[in-house]
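> fold the stuff below for me.
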Amino acid sequence: MRQLKFILYLSLPALLSGCVNLDAVGKFADGTEKLSIASAEFYRSELETDRKLAGLVVDLGETVPADESAWVNASSRGENLIAEARRNRAAVAALASYAESLREIAEYDDEEEIAESSGKLSRNLVSLSHELDSSSSVDESALAQAFTQLAGLYSKVKTRSVILEKVKKAQPHVETIVYTMLRDIERQQVRFSLARLSANVNREKWFNSFQHDYRSAGLADSQKSLLAMAAGQLVEDELAEKLSELPSRRFLEKLQKTANSCLAAHKAIGETGLKKDAKVLVEFAGDARDLYNSISDIP
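Next up is the predicted model:
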């Protein structure tokens with residue numbers, strides 16, 4: 001009897017640790033879901049701004065370059081944008097699907113349910129990898145490969161006991177997904193900076209043109225009203241754009257911080273089991289919550 005008590009005493013921390021590990025997985029999944037949602041919302045919001053800026057940098061006086069390759073490169077920018085948007089959606093969807101499946105595997109006791117959840121994750125990732133054109137860019141090829149390899153890790157999971165082992169092996173693939181997502185957003189912001197400069201120059205030219213026409217002799221009052229309205233819209237657009245820049249910059253800082261803490265928490269789960277009150281997990285949960293709540297600050 002005494003020996004049995006001793007064995008139970010030794011095994012109790014392991015049992016409790018196992019429960020805590022599953023709680024930590026659920027907490028990690030909640031934070032990762034928030035990161036996915038916030039990233040997707042931000043990208044969509046900024047993409048709409050991107051579209052508006054594109055209309056302000058059109059140069060009707062532009063001539064076709066003598067160098068045919070330069071003309072081809074210029075005309076392919078839209079296709080690159082489409083590829084970036086497709087890649088970003090795939091990365092966000094994969095991260096969300098992965099987090100959801102981790103939570104389900106951690107919560108289920110039934111082997112069939114665990115197998116179904118892991119199978120669903122694998123099918124989702126394989127489907128996303130097929131959507132990407134692996135030959136179009138290095139990023140898409142690496143992302144598609146990460147999806148495929150991550151799908152393989154979870155395709156035959158039937159018990160919760162292997163989840164920490166799988167999380168550890170999944171780390172490089174999760175890093176590829178997260179970093180691809182961040183790089184696409186960084187490209188987007190660089191493009192914005194260049195477009196904003198061009199848009200500001202064009203607004204200034206248009207405003208000066210409207211002002212010159214407004215002062216022309218013999219202009220009817222109705223025509224002056226139209227010019228004044230057009231000039232006012234230019235001023236309004238520029239002010240709105242300036243107001244939107246600050247919250248976007250703040251959000252990007254939070255996004256980078258949350259992505260890094262997400263990867264740190266994921267790595268810790270795989271390597272140490274990670275208690276639910278561990279500092280790295282608490283920090284990630286807080287970062288993810290702050291990021292998610294700040295979506296409403298984006299115009």
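> list the buried residues for the helix or strand Val280 falls within?
Remark: Val280 resides in helix 279-293, with elements defined by DSSP states H and E. In terms of neighbour count (16 or more other Cβ atoms under 10 Å), helix 279-293 has its buried residues at Val280, Leu281, Glu283, Phe284, Ala285, Asp287, Ala288, Leu291, Tyr292. C-beta coordinates here come from the backbone N, C-alpha and C atoms, glycine included.
> extract the CA atoms of it and return them as CSV.
The C-alpha trace of helix 279-293 is given here as CSV (Å, rounded to 0.1, in the frame of the first residue of the first chain):
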residue,chain,number,x,y,z
LYS,A,279,5.6,33.9,-18.7
VAL,A,280,6.0,33.3,-22.5
LEU,A,281,2.4,32.1,-22.8
VAL,A,282,1.0,34.9,-20.6
GLU,A,283,2.8,37.5,-22.7
PHE,A,284,1.6,36.0,-26.0
ALA,A,285,-2.0,35.9,-24.7
GLY,A,286,-1.8,39.5,-23.7
ASP,A,287,-0.1,40.6,-27.0
ALA,A,288,-2.8,38.7,-29.0
ARG,A,289,-5.6,40.2,-27.0
ASP,A,290,-4.2,43.7,-27.4
LEU,A,291,-3.7,43.2,-31.1
TYR,A,292,-7.2,41.9,-31.6
ASN,A,293,-8.7,44.8,-29.7
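> pLDDT of it, averaged?
Helix 279-293 shows a mean pLDDT of 92.
> separation between Leu125 and Ile177?
10 Å (Cβ to Cβ, to the nearest Å).
> quick one: which of the two has more around it?
A count of neighbours by other Cβ atoms under 10 Å puts Leu125 above the other of Leu125 and Ile177, at 29 against 25.
> right, and the more buried one touches Ala96 too?
No. The pair Leu125 / Ala96 is not scored as a contact, 11.4 Å apart, by Cβ atoms under 8 Å.
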